[in-house]
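Here is my input, please return the structure:
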Amino acid sequence: MTGIDSRRGRIALMVAHCAGMVDLVALPVWVGTLMGHYRFDPQQAGGLATLFLAAAVLASVGLAPFFGRLPRRAIAAGGFGLAAAAFFGASVLNDLAGMALLHALAGLAAGAALSVTHGTIARGANPHRLFAIVGIALGFFAVAFFAAVPPLLAALGGTALFHAFAAVMAVAAVVALAAFPQVDGAQPDAATPAARPAAMPRAVWFGIVGVACMGLVQAMTFAFLERVGNARGFGTAAVTGVLVTLSIVNLFPAALAAVLEKRWAARSVLLTGPVLQALLVALIMQSTVFMPYAAAASFFAAVMIFTHTFAFGLLARLEPSGRALAATPAMMMTGAAIGPILGGTLVKFFGYGSLALAAAAIAAVAVFCFSRLPVQVPAPARSALA
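Numbering: from 1, shown residues only. Okay, here's the model as predicted:
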């Protein structure tokens, strides 16, 4: 049996996290490709990304309550395999209805796989550190993605994006089938009343909403990061350079969060993250000069990665069964699902500057939610959960 904290187990979780969180890396290229290569308008392009993310939310919400009884390896391998097939199918279509159906199918499949991935991470010996490790892997994946995919798009057209997505999902399916970890020890029998997990603390729900709000701002902005740069006349080469820089910067926030786990209070990080995120949105969307845009864009995703690592660790201590964090895709992608279509609608009718105002309002909600979290939470005894 592959353990969660074994080398094989960690590698499998890293690969699964990268595949399942592909939207966090690829969203600006994804929406940009749908607009630039497929000629969809901002609302349509954002809507397709939203279908993928909304379907992932549905899968996560449906599976999370049953996390302890699920065949996790089979769901991870099967989910990523089905997502690979759906993305490959999308590569041979160019009509909106067909693309919508396959985006939704890919989202359901990848969301199911990601749900069991994050629930498994939450059952590790140190969820904060393990989530930081998979976050570091996501940073390296982002560098590879932006080094490889934009040149392929320029040479081969929009189908190259969906071929790349299909390849990523296929690799994740194979790795999950070979090495997806099992939770040590027997799972509680949900049919036995005495063994049923306790209700989730109220604070967990506030944390979930706060993370969803940050995910909304992340997706709403990130989806149009590439488009706003081109609209401001910064040029394709310069904007691509910003995306590459962003991917390099993303190598560090998860590692930094791991180093600072015992030094910075998680609640303080969570109260600061949404404010900083909203300030960066204002710079990205309202700057008519390249350097402020480039600097803010380069650090934008890093704020989410750093803050979310602290949120993951704190919520794992508040609710150690893994059920809440099996819903991590729902936390991230509920907001992220709304983000592209909300952003596309705002841009279509009010321009890019309207995203800054929306981000400020959503950040206020996130700060309120995070303010309801306790200052100190004792670490649970992991052995008692097995």
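
which regions of the stretch 51-200 of the chain lie under the pLDDT threshold?
Applying pLDDT under 70 to the stretch 51-200 of the chain picks out residues 183-200.

Okay, helices next: where are they in it?
Ranges of helices in the stretch 51-200 of the chain, per DSSP state H, counting those that start in this stretch, are 72-90, 96-122, 127-156, 159-179.

Compare those and give me the one nearest residue 303.
helix 127-156 (12.7 Å; CB to CB). (C-beta placed from N, C-alpha, C; glycine too.)

Can you check what angle separates the closest one from helix 159-179?
Helix 127-156 and helix 159-179 meet at an angle of 140 degrees, taking axes from the mean of the first three to the mean of the last three CA atoms, to 10 degrees as the criterion.

Packing partners of helix 127-156?
Other elements packing on helix 127-156 under the criterion 3 or more CB pairs under 8 Å, 6 or more residues apart in numbering; DSSP states H and E are helix 7-20, helix 22-36, helix 96-122, helix 159-179, helix 236-249, helix 253-259, helix 290-318.

Turn those into CSV, columns for distance to residue 362.
Shown next, in CSV, are the helices and strands packed on helix 127-156 (distance: least, CB to CB, whole Å):
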stretch, distance to residue 362
helix 7-20, 24
helix 22-36, 17
helix 96-122, 22
helix 159-179, 28
helix 236-249, 21
helix 253-259, 21
helix 290-318, 13
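
of all those helices, which lies closest to residue 65?
Nearest of those to residue 65, taken as CB to CB: helix 96-122 at 10.6 Å.

Ok, which of the helices and strands packed on helix 127-156 comes nearest residue 369?
Nearest of the helices and strands packed on helix 127-156 to residue 369, taken as CB to CB: helix 290-318 at 10.6 Å.

thinking again about what came up before, please identify the deepest-packed of the helices of the stretch 51-200 of the chain.
The highest mean neighbour count among the helices of the stretch 51-200 of the chain, using mean count of other CB atoms under 10 Å, belongs to helix 96-122: a mean of 25.

Including distance to residue 241, could the helices of the stretch 51-200 of the chain go into JSON lines?
Supplementary listing: these in JSON lines, determined by distance: least, CB to CB, whole Å:
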{"stretch": "helix 72-90", "distance to residue 241": "27"}
{"stretch": "helix 96-122", "distance to residue 241": "29"}
{"stretch": "helix 127-156", "distance to residue 241": "10"}
{"stretch": "helix 159-179", "distance to residue 241": "19"}
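
roughly how far out does stretch 131-138 sit from the chain middle?
12 Å (CA atoms, centre = their mean, to the nearest Å).

ditto for stretch 2-9
Distance of stretch 2-9 from its chain centroid, counting by CA atoms, centre = their mean, is 22 Å.

same question, stretch 337-344
With CA atoms, centre = their mean, you get 15 Å for stretch 337-344.

Counting neighbours, which bits of that stretch end up buried?
337, 338, 339, 340, 341, 342, 343, 344 (16 or more other CB atoms under 10 Å).

And stretch 5-19, by the same measure?
Counting neighbours by 16+ other CB under 10 Å, the buried set in stretch 5-19 is 5, 9, 10, 11, 12, 13, 14, 15, 16, 17, 18, 19.

same deal with stretch 34-52?
If you call a residue buried by 16+ other CB under 10 Å, then stretch 34-52 has these buried ones: 34-36, 38, 40, 42-52.

still on that earlier bit, and the buried residues of stretch 5-19, which two are the farthest apart?
Maximum distance among the buried residues of stretch 5-19 (CB to CB): 20.6 Å, for 5 and 19.

Tell me which helix or strand residue 226 sits in.
Element membership for residue 226 (DSSP states H and E) is helix 225-231.

contacting residues around the residue nearest to residue 180 when sequence neighbours are not counted?
Closest residue in space to residue 180, ignoring its immediate chain neighbours: residue 73 at 4.1 Å, by CB to CB, 6 or more residues apart in numbering. Contact partners of residue 73, counting by CB atoms under 8 Å, 6 or more residues apart in numbering, are 176, 177, 180, 182.

Over to residue 256?
For residue 256, the contact set (CB under 8 Å, 6+ apart) comprises residue 306.

now it: how far from residue 302?
Distance of residue 256 to residue 302, given as CB to CB, to the nearest Å: 9 Å.

Ok, residue 173 next?
Separation of residue 173 from residue 302 (CB to CB) stands at 29 Å.

ditto for residue 83
26 Å.

of the buried residues of stretch 337-344, closest to residue 93?
Using CB to CB, the buried residues of stretch 337-344 come closest to residue 93 at residue 340, 19.0 Å.

for the nearest residue to residue 316 once chain neighbours are set aside, what are its contacts?
Nearest non-adjacent residue to residue 316, counting by CB to CB, 6+ apart: residue 127, 3.7 Å away. Contact analysis of residue 127 by CB under 8 Å, 6+ apart lists 121, 312, 313, 316, 325.

quick one: low-confidence parts of the stretch 201-350 of the chain?
The stretch 201-350 of the chain contains residues with pLDDT under 70 at 320-329, 332.

if we can go back for a sec, okay, the residue nearest to residue 316 and residue 65: tell me how far apart.
19 Å.

Could I get the contacting residues of residue 131?
Here residue 131 is in contact with 121, 254, 308, 309, 312, 313 (CB under 8 Å, 6+ apart).

switch to 6 Å and redo it
121, 309, 312 (CB atoms under 6 Å, 6 or more residues apart in numbering).

Out of the residues you listed, which is nearest to residue 285?
Using CB to CB, the contacts of residue 131 come closest to residue 285 at residue 309, 25.7 Å.

Not counting residues beside it along the chain, what's closest to that closest one?
residue 257 (3.8 Å).

who are the neighbours in contact with the one you found?
By CB under 6 Å, 6+ apart, the residues touching residue 257 are 132, 306, 309.
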